[in-house]
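**Q** Next one to model:
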Amino acid sequence: PPGPANSRLLAAPAPTVTGVIHSPVVPKPGNPVTVTSRIESAGPLTSVTLVHRLDSNSGDETWRRTTMTDQGGGVYSATVSQNTSNNQITQFYVEATSGNTTTTQPKFGAERPAMWIVDSREMPNILLQERFIVSNYDRQALNSNIGGGPTFNYNFPRPSNQFFNATFIANESEIYYNAEIRKSGSPFTRATDANIDHGKWKLPGDRLFRGRRRSVIDASGTPQGSGTPRFYDDRIARYFLYQLGHPVNEMEYTHTVINNGRFNLRESHEPISNDFLKRNFKNGSKGTLLRIDDEWRFTSDDGNARQSRNADWAYKDTGNPVAYHSEWLMRTRESDYDYGNFIELTRMLDENKTDETTLSRITNPDMLALNAVVRGYDADWDTITVDRGKNAYFFRPKDGDGWMLLHWDGDRVFDRSNQAILGGRRGVNTYFNRPFIRRRMNYYMTKLLDEHTKDSARTLAWMDAETAAVSGSGINMTKSHYTNWFNRREGMARNFITSNVANTSFAITTPRTPTSKDIITLEGTSPPTAFSIRAIGQDETSFSWTSTTAWELTGVVLQQGVNSLSIEGIDHEGNVVEQTQFTITKTGNAPPVIALDSSPNSLRINLDETITLDTTGTFDPEGETVTINWSVLPDTGVNFAIDSSNLSASFSQPGFYVFTAEASDGSGNSSTKSAAVSVHLDQGFSNFGDPILENFWSGSNAPKHDNSSNGAHYSLQDHEGRLTINIPVSQVPLGLPEPDLPPAANYIDFGATWKYDDSNEELTGTFAQPNFDDSSWNSGPGFLGFNEDGLPGPGMQTGTLRRDRSNNLITYYFRNKFEFTGDPIGAKLYIDHIVDDGVRYYLNGQVLGSVRLPAGEITSKTPATGLPSSQEDEIAEDVLVLDVSSAIVSGTNVFAAEVHNSSSGSSDLVFGARVDIAANPSGNGAPSLNDVLHPWIKRQLPEGNWALETEIKLEKVQYGEFYAGLLVEAQQGDSAFRYGIGFKDGDSIASIRVNPSGTSETMTNVPALNSDLAVIRLERKGNLLNFIWLNDGSPTQINQVILPEGTTFSAGGIFASTEIEQSLEASFDYTMLIGSDTDFTTWMSTNGLTDPNAEYENSGLTNLMAYALGRDLNPNVTPALIRNGDLIGFSHRQRIVGGQIRYQVEKSTDLVNWSPAGDLSPDGEAIENQDGTFTVNLLSDIPTSDRDKIYFRLVVNAF
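**A** Just a heads-up that it's a prediction; the model follows:
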């Protein structure tokens, strides 16, 4: 039933009042003023009134009411003849009444009225004219002695940032009512009187001036400018930044007056706030903006004062934002209170993790270097990169590059010609003295000196143009001061670059020796005039700097014979600044170079779609005719046609398909290039472009973001087209707290008898399996080895293992068995050992870990890293401490070790191990992994084989102690495990596991410093779980887990976790689930069925429909109509998300003609049933009252 009537319901809408304006804009003494307005009303107007009064210091003058007359067309006017003396201010507003409803404009009426002032003067009109009218009562509050005293209840002391109502008039013609104005400035510049020499003002949000809402009044260059006598100091700094490509705020000179004050020369600045950020950056206002400036001093009652202090980039030994926010004030997204990425920068600098790759993910090196160069050249000592931690903004865009400094105040410049370019603030000095930053600073300093300062025709012409533009206004361009500065500053600025760097030749250092290589890398040097290097006609090369003056260019393609290459140095705008030639001879014919493009570029398509692969750009270096041949694996489930250089493919089965183009030239040379195409079903792909998740997703510890989300949450709006998981500062780990365990018991001691093999056969991995036959192996007690003296007890007891240098014998295999009766869940294994040189340990065939062995594939010929001589004959304790829930079993267990020598010629070998295990008694019970705290957005996984893929991006914090990526849950016997792949700590891609005990572990990890974005995949194939990182599109398997027989997977999806107190924001571009191509087929075979269209057990359903609805699991599978108010919908069961089955609801009005029911959309999330199936509810957006009848039916198809 309907609820109660809205308590604010009006019988008729209130009148609308628009277009209020007074005229003349600035009346002269004796002039009456007419106020006009447009009034619209649904009901008859009771009255239209101009309410007005004379402004006064007391603010309590009586309001007068003058009836406004109808001028026709809804326009009303009234004329005021009072208050016409010079300097008098009139306050007013328009009031329209209809029945019991009244509207005022300006909307706050008497609280914030519009104003005009009578002024007999003519305002200078050479510059922009800015007039502000503020009530005399509010002007008193601006006086610190009055506003901060008892008259105003001490509400407005000197530091007050209270805005006051104002009328703003531009150029004596454009009127803006309900503007707001206040004082601004540091403790050194803020006035104590009622004048606003330094101020800020803003307009209503629906009326902008110069395309912005907020502006700043600045007195630099005037006697009120606090020691900054030159008008152009700050403007020239902005000019240099702008010319070199740095975002800068807008600024212009003005004639400014407040009430009847003097006509002052002022600067009008665009503040560093939302308008500026939106103008210069995509989603600018959603970035993180921090401000540093002079702090106000805090004095306690006992007189102790905390003095204003300089900000820096020092790490304060904590991740708590409270330690940073007094120097770095949050100016955007204040409610987020997220300092995580800034604190991360300070920590990286403190820990000296300052390589280019690491810092380039957090900062924008180019913009930071450019800013520091200009402010250093200007000798802007009052800023953070030079001498003082003040007067700057620090900004990190939401989408795009990292932290950059934004120029704000540059008044104290062009005076100290001996001022150092860089200062010594903590962290700041560390950053700017890194070689890769100095290289950028050398470039921008060279650009500035060569083109914009001493003897620069461009800058001199600009100064002349500025002089002409402000002529007669009172603004002075002190050109001689700046040209003298350019001359005086030149030497110090050049010395900053150093002559060695500046005089570096532009040259190729790669030898010109003839080569047979098809592709080479060029190395060379360059002076700081070049920003980048390129080879003409070589579009696929990759350039990088290797030092402040050295560079390399990879991917240079050669043709047979003499190759003459044109190498160019270019500036940041693409202009050629350096040139040289390089000649090299290639022997032998080069193969074709393949260009392979795709549509769509993502190489991910729905089963109904086609993909086009294009080799149009393929060429042969020698110009021979190129022939393209195509192949695809697997070659079933795909059809393709070739038209000229294009291949078009369609698919009948979901899965991964690798297309390979082989290009051959007339000389018989060939090359290949492949593209991996992913094909998914309708519900297998989520692009996160809609405002709600599909109904097959559910969240664990991840509510959707709302206005009060204080904990971990997800959002579909924070980053366009991406799902974002956001963890505010907190610890929400991947696993559970470690279980309490009794003291560890010994299972294998150093003197235990081992089976061993020294046959030099390749047994890596296979020898460690429980069913491996070791009956023919030798045995002996530990320690085992040869030629090792001075060992601790029990000493070398089996010293007869053989050496075979001639046959490169490196690896020796050892096996031992023990009985385990404790609870496998949560069991922790400890290994002490003495090993010379390296070892890899196994438990029941599962790798536990390695010591002194390289990462990657290990074979019997893999040498170990030599044991340091200082550690020989020493027992190393706790070399591995592991949760072995996934490996240990109740009963007999096989513990194995493969020991690798550093070489076959090594003079000694020793192995001995002690194994202790801490475990609870059997039957203690496992905790629930559902009790973890981290957010996880998951969906059901299909039976059989599947692959789950996503693209993840770290949005803010780049490093720390965290995981983020893909996570799936597996049931292995009676135990639940979770497996994942993703970013670990921001610097690697890791395979991870959560054990039944709740402990989490990194199984493997590979470095991934170059990017904050990764494409990752988990792939189940039979009894294997593969962990795949698509590094630059090429699949790299970083781990593989052998799954026990009968393993099933229930759910999988995207997750994030923090292992310490920190914030984390990770976004996901898509998830793609490619289901098994055997689930329905397997079900048919298991049930002895052959025909999908035959009837299933007299149910009236085909075998296919019975499988799709789960008829074998529950006899009640009939779809149903559902109703929600005036909306009708359709409800059906669904066996699984993904796999071979596609579900589609169709509609009809006559039971003959059917079409897809496109008006149906999910009504909430899919509901999981007790039998493992799901109920899907779909609701139409068409009211039943708008149609006569409707029929729905469910159609399923298998692929």
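**Q** What lies in contact with stretch 9-28?
**A** For stretch 9-28, contacts defined as Cβ atoms under 8 Å, 6 or more residues apart in numbering pick out 31, 33-43, 45, 84, 92-94, 96-99, 101-106, 114, 116-120, 123, 131, 169, 172-173, 175, 177. C-beta here means a position set from N, CA and C on the backbone, and glycine is covered the same way.
**Q** Thr1149 reaches Tyr1191, doesn't it?
**A** Yes - contact criterion Cβ atoms under 8 Å: Thr1149 and Tyr1191 qualify, at 7.0 Å.
**Q** now the contacts of stretch 9-28: which count as buried?
**A** Among the contacts of stretch 9-28, those that count as buried by neighbour count (16 or more other Cβ atoms under 10 Å) are 33, 35-39, 41, 45, 84, 92-94, 96-99, 101-106, 114, 116-119, 123, 131, 169, 172, 175, 177.
**Q** So which of the contacts of stretch 9-28 are in strands?
**A** Secondary structure defined by DSSP state E assigns 33-40, 92-94, 96-98, 101-105, 114, 116-117, 131, 169, 175, 177 of the contacts of stretch 9-28 to strands.
**Q** Quick one: low-confidence residue ranges for the protein.
**A** 1-3, 10, 187-188, 226-228, 293-309, 707-709, 1076-1079, 1136-1140, 1199 (pLDDT under 70).
**Q** Quick check: buried residues in the longest helix seen in it?
**A** Longest helix in the chain by number of residues (criterion: DSSP state H): helix 479-497. Using 16+ other Cβ under 10 Å as the test for burial, helix 479-497 gives 482-483, 485-486, 489-490, 492-493, 496-497.
**Q** Could you pull out the strands in the stretch 301-450 of the chain for me?
**A** Per DSSP state E, counting those that start in this stretch, the stretch 301-450 of the chain carries strands over the ranges 305-306, 329-330, 392-396, 404-406.
**Q** cool, and the stretch 701-850 of the chain?
**A** Taking DSSP E, counting those that start in this stretch as the criterion, the stretch 701-850 of the chain carries its strands at 713-715, 723-730, 745-748, 753-757, 778-781, 784-786, 811-820, 828-836, 838-843, 846-851.
**Q** Burial check on the closest residue to Asn283 other than its chain neighbours, number of neighbours?
**A** Leaving aside its chain neighbours, Asn283 sits nearest to Lys398 (4.6 Å; criterion: Cβ to Cβ, 6 or more residues apart in numbering). When neighbours are counted by other Cβ atoms under 10 Å, Lys398 registers 19.
**Q** Name all residues that make contact with Lys398.
**A** Contacts were defined as Cβ under 8 Å, 6+ apart; by that measure Lys398 touches 281-284, 286-288, 719, 955.
**Q** Would you mind checking those residues for buried ones?
**A** Judged by 16+ other Cβ under 10 Å, buried ones among those: 281, 284, 286-288, 719, 955.
**Q** any chance of those residues in a markdown table, with secondary structure and distance to Pro527 too?
**A** Below are the buried ones among the contacts of Lys398 laid out as a markdown table (DSSP: H, G, I helix; E, B strand; the rest coil; distance: Cβ to Cβ, whole Å):
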| residue | secondary structure | distance to Pro527 |
| --- | --- | --- |
| Phe281 | coil | 32 |
| Gly284 | helix | 36 |
| Lys286 | helix | 40 |
| Gly287 | coil | 35 |
| Thr288 | strand | 36 |
| His719 | coil | 41 |
| Glu955 | coil | 38 |
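**Q** Which strand residues bridge Ile169?
**A** For Ile169, the beta-bridge assignment (DSSP bridges) gives partners Arg131, Ile175.
**Q** What residues does the residue most central in space within the chain make contact with?
**A** Closest to where the C-alpha atoms of the chain average out (Cα atoms, centre = their mean) is Glu955, at 1.8 Å. Contacts for Glu955 were tallied using Cβ under 8 Å, 6+ apart; they are 398, 718-719, 724, 1012, 1065-1067.
**Q** Let me know how buried Asp317 is, in neighbour terms.
**A** Around Asp317 there are 9 other residues, counting by other Cβ under 10 Å.
**Q** by contact count, what packs against the strand ranked longest in the chain?
**A** Using DSSP E, we find that the single longest strand of the chain is strand 1062-1074. For strand 1062-1074, the packing partners by 3 or more Cβ pairs under 8 Å, 6 or more residues apart in numbering; DSSP states H and E come out as helix 340-350, strand 670-680, strand 685-686, strand 723-730, strand 946-954, strand 962-972, strand 1048-1058.
**Q** Identify each buried residue in it, please.
**A** For strand 1062-1074, a neighbour-count test (16+ other Cβ under 10 Å) marks 1062-1074 as buried.
**Q** Kindly report the domain assignment for this structure.
**A** The chain breaks down by automatic domain parsing into domains covering 16-117, 128-269, 283-499, 504-586, 597-678, 685-737+927-1073, 745-918, 1080-1198.
**Q** Can I get those in TSV including distance to Asp275?
**A** As requested, these are exported to TSV (distance: least, Cβ to Cβ, whole Å):
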stretch	distance to Asp275
domain 16-117	22
domain 128-269	4
domain 283-499	9
domain 504-586	26
domain 597-678	35
domain 685-737+927-1073	21
domain 745-918	51
domain 1080-1198	38
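**Q** just the buried residues of strand 1062-1074 now: which is nearest Met251?
**A** Nearest to Met251 among those, counting by Cβ to Cβ, is Glu1065 at 34.4 Å.
**Q** hang on, isn't the closest one packed against Gly960?
**A** No - applying Cβ under 8 Å, one finds Glu1065 not in contact with Gly960, separated by 11.7 Å.
**Q** What residues does the residue nearest to Glu1168 when sequence neighbours are not counted make contact with?
**A** Leaving aside its chain neighbours, Glu1168 sits nearest to Phe1174 (5.7 Å; criterion: Cβ to Cβ, 6+ apart). By Cβ under 8 Å, 6+ apart, the residues touching Phe1174 are 696, 940, 1133-1137, 1166-1168.
**Q** ok, so what distance separates Phe1174 from Arg426?
**A** 57 Å (Cβ to Cβ, to the nearest Å).
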